[in-house]
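In: Next come a sequence and a model predicted from it.
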Amino acid sequence: MTILLTVLAMIAFAANSLLARSALDGGAIDAVAYTAIRLCSGAAALLLLISWQRGRSIFRARPGNWPSAVALFAYALAFSLAYLRLGAAVGALVLFASVQGTMIFWGIIRRTRPTLRELAGLVIAFVAFLYLVLPGLNAPDAIGSVLMVVSGIAWGIYSLRGRGSASPLGDTAGNFLRAALICIPLALLPTFGAGVTARGVYLAAASGVVASGLGYAIWYRALPGLTPTQAAVVQLTVPVIAAAGATVFLSEVLSARLVLASICILSGVALAITSRRPV
């Protein structure tokens, strides 16, 4: 059962990139509205799930916290803005590398002395990342890449803040609700909702309810059956799944530069992750 749940969760996480790129690249919705709908629909789905499992007591407990909600909001908004400029495959790779890089870097700071394997892995991943984003014929958009790095750092911070949570799914629901509330001022922007189509709303809602809300619920069901290292390493599959989905469903062409950089980045991150000691 753990294997099946893990596979479903990884597919859901990869689907976030495919849904965002499909909606934003086609102009079906603007990035701000996409973010707001994704967070609001994700909050609704998670709260319904939690209330069904635990009743009204979950609302009295007020799970989550505002700093984590701000990190979640920053991740989601930068993610949407980045996918105005990046393909789904590139975006997923940059996001994943930034998330894991943030968490590995924090682990090094806490331990003060990284292992040789950890340093080697980080160097390999960093050099490959520079190869991917440095200007050239097949380099991804620079602004989009920076935005996705910001998104990954924000998600890394969110993940670090959630470590040790006694109720990770409940806290995620509370954080999604708070992040949805942060979206309210966005509705005052003159460009908010401009050009929104039904297709864009459906894709954003699917990202919030299915790929985010249900995806996290499935992931937290799978986690007890995985070691921390297994949980980290299995996420290496997300950019691969996203790249395959982008080729099949979005007709994206995978360049040799992206394939080579992906292999090196994921290998370097895997080397660093498997050398970790608990922090």
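Out: Done, it's in.

In: Any chance of the backbone angles for Phe129?
Out: Main-chain torsions, Phe129, degrees, to the nearest 10: phi -60, psi -40.

In: what's the offset of the one helix or strand Ala69 maps to from the middle of its chain?
Out: Using DSSP states H and E, Ala69 sits within helix 66-82. Here the centre of helix 66-82 is set off from its chain's centre by 10 Å, with CA atoms, centre = their mean, to the nearest Å.

In: ditto for stretch 116-133
Out: Relative to the chain's own centre, stretch 116-133 is displaced by 20 Å; criterion: CA atoms, centre = their mean.

In: same check, this time on stretch 91-110
Out: Distance, stretch centre to chain centre, for stretch 91-110: 11 Å (CA atoms, centre = their mean).

In: repeat for stretch 145-161
Out: On CA atoms, centre = their mean, the centre of stretch 145-161 falls 8 Å from that of its chain.

In: shaky segments in the stretch 51-200 of the chain?
Out: 54-61, 112-113, 136-137, 191, 193 (pLDDT under 70).

In: what's in contact with the helix holding Ala69?
Out: Residues from elsewhere that reach helix 66-82 (CB atoms under 8 Å, 6 or more residues apart in numbering): 16, 20, 24, 31-32, 34-35, 38-39, 91, 94-95, 144-145, 147-148, 150-152, 154-155, 157-158, 161-162, 171, 174-179, 181-183. From N, CA and C alone the C-beta is placed, and that goes for glycine too.

In: angle of the helix or strand following that helix against helix 66-82?
Out: Downstream of helix 66-82, the first helix or strand assigned by DSSP H and E is helix 88-111. Interaxial angle, helix 88-111 versus helix 66-82 (axes from the mean of the first three to the mean of the last three CA atoms, to 10 degrees): 150 degrees.

In: Tell me which other helices or strands helix 88-111 touches.
Out: Helices and strands touching helix 88-111, by 3 or more CB pairs under 8 Å, 6 or more residues apart in numbering; DSSP states H and E, are helix 2-25, helix 66-82, helix 116-133, helix 142-162, helix 237-249, helix 256-273.

In: For the nearest residue to Val133 once chain neighbours are set aside, give me its contacts.
Out: The shortest distance from Val133 to any non-neighbouring residue, by CB to CB, 6 or more residues apart in numbering, is to Ser145 (5.0 Å). By CB under 8 Å, 6+ apart, Ser145 lies in contact with 82, 86, 90, 94, 133.

In: what's the answer for Ser22, then?
Out: Residues near Ser22 by CB under 8 Å, 6+ apart: 28, 88, 203, 249-250.

In: From those, pick the one nearest Arg257.
Out: Checking the contacts of Ser22 against Arg257 by CB to CB gives Ala88 as the nearest, at 16.2 Å.

In: ok so, going back, tell me the one of the contacts of Ser22 nearest Val238?
Out: Ala88 (11.3 Å).

In: how close does the closest one get to Asn16?
Out: Using CB to CB, to the nearest Å, Ala88 is found at 9 Å from Asn16.

In: sorry, back to before: out of the contacts of Ser22, grab the one that's most surrounded.
Out: Ala88 (27 neighbours; other CB atoms under 10 Å).
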